[in-house]
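Chemist: 3D, please:
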Amino acid sequence: METNISRYPSDALPQGGPALVVTATQESLAASQLYRRGMSSPLRCPADVPVTAIIRTPVLSTADVVAATAGEWIASLLTVELEIRKFDGPLAANDPWIALIAVGLGSLQRGSYEVAVRTTLLSFTDLHHPETAGGSSITEQEFSFTCN
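Modeler: The predicted model follows:
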């Protein structure tokens with residue numbers, strides 16, 4: 001399963017957009033373009049053509065780091081694990097941003113599918129060493145979508 005994380009200034013994406021969009025894949029479009037295109041019906045996709053799931057993070061700070069740590073299909077359930085390392089300290093300047101995590105799902109048959117997104121949140125205080133993050137908390141989100 002191919003995963004790609006793109007970083008966008010927070011004002012470059014619609015405020016309050018959906019946390020998950022599933023849309024037909026188009027190689028020539030950036031994740032932000034696919035996300036916007038899928039916003040009108042975020043939990044519906046065409047069947048029998050390659051589709052992409054796009055997961056949107058909350059607004060993050062300049063120093064924060066996002067990674068997709070695992071992704072797996074089991075029957076009609078896609079599980080995606082994310083890790084967000086948040087800087088917990090003062091910043092001289094901050095450019096808020098949002099990550100869009102694009103997950104290639106391949107061609108799906110007609111039917112209903114589920115996505116479970118598990119996010120581990122860690123914090124770090126040394127601006128130049130996010131690898132020292134600790135103190136994790138975990139959130140889980142579940143979505144259902146249909147391909148027809």
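Chemist: contacting residues around residue 132?
Modeler: The neighbours of residue 132, taking Cβ atoms under 8 Å, 6 or more residues apart in numbering as the test, are 124-126. Using the backbone N, CA and C atoms, a C-beta is placed for each residue, glycine as well.
Chemist: got the contact list for the residue nearest the centre of the chain?
Modeler: Centroid-nearest residue in the chain: residue 55, 2.6 Å away (criterion: Cα atoms, centre = their mean). Counting by Cβ under 8 Å, 6+ apart, residue 55 touches 19-20, 80, 82, 100-101, 103, 117.
Chemist: and what of residue 73?
Modeler: residue 1.
Chemist: Now the phi/psi pair for it, please.
Modeler: Here is the backbone geometry of residue 73 (degrees, to the nearest 10): phi -100, psi 130.
Chemist: measure the most far-flung residue of the chain relative to its centre to residue 7 for me?
Modeler: Most distant from the centre of the chain: residue 92, at 27.4 Å, with distances by Cα atoms, centre = their mean. Distance, residue 92 to residue 7, by Cβ to Cβ, to the nearest Å: 19 Å.
Chemist: And for residue 58?
Modeler: For residue 58, the distance to residue 7 equals 14 Å [Cβ to Cβ].
Chemist: Give me the more crowded residue out of those two.
Modeler: Neighbours were counted for residue 58 and for residue 7 using other Cβ atoms under 10 Å; residue 7 has more, 15 against 12.
Chemist: Apart from its chain neighbours, what residue comes closest to that one?
Modeler: In space, residue 7 comes closest to residue 97 once its chain neighbours are excluded; the distance is 5.3 Å by Cβ to Cβ, 6 or more residues apart in numbering.
Chemist: For that neighbour, the count of nearby residues, please.
Modeler: 20.
Chemist: can I assume it is in contact with residue 5?
Modeler: No. The pair residue 97 / residue 5 is not scored as a contact, 11.3 Å apart, by Cβ atoms under 8 Å.
Chemist: circling back to that earlier point, tell me, what's touching residue 58 and residue 7 both at once?
Modeler: Contacts common to residue 58 and residue 7, judged by Cβ under 8 Å, 6+ apart, are residue 98.
Chemist: before we move on, back to that, which SS state does the residue farthest from the centre of the chain fall under?
Modeler: Classification of residue 92 by DSSP: H, G, I helix; E, B strand; the rest coil places it in coil.
Chemist: Noted, bye for now.
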